[in-house]
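Q: got a predicted model here, sequence first, then my questions.
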Amino acid sequence: MSRAEQYLNLAAEVRAKADREESPIIKAEWEQLAETYVRLAEQSGAHKASTYDPIQDLLNRAQPKKKKR
């Protein structure tokens, strides 16, 4: 599951909490948090290629290099 999908799942969970909330103030806060997760999902999907991931870099370097024949 990608980071964007994780954020979208969190947004759905938070929206479900908002739907069950009786207090208008707390409901608005849950909805605001859900929108924040949606924005994070959009950002993580858009910047995936341009973001430096040090863990992935280490994993890539640790893979044995293929010899040319």
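A: Sure, I can see it. Residues are numbered from 1 along each chain as shown.
Q: for the protein, which helix is longest?
A: helix 24-46 (DSSP state H).
Q: name the helices or strands packed onto it?
A: helix 3-20 (3 or more Cβ pairs under 8 Å, 6 or more residues apart in numbering; DSSP states H and E). From N, CA and C alone the C-beta is placed, and that goes for glycine too.
Q: so for stretch 40-48, mean pLDDT?
A: If you average the pLDDT over stretch 40-48, you get 77.
Q: one step back: tell me the buried residues in the helix or strand just after the longest helix of the chain?
A: Proceeding N to C from helix 24-46, the next assigned helix or strand is helix 54-62, under DSSP states H and E. Within helix 54-62, no residue counts as buried by 16 or more other Cβ atoms under 10 Å.
Q: who's in contact with helix 54-62?
A: Applying Cβ atoms under 8 Å, 6 or more residues apart in numbering, helix 54-62 has no contact partners.
Q: hmm, 10 Å instead?
A: With contact meaning Cβ atoms under 10 Å, 6 or more residues apart in numbering, helix 54-62 is reached by Asp53.
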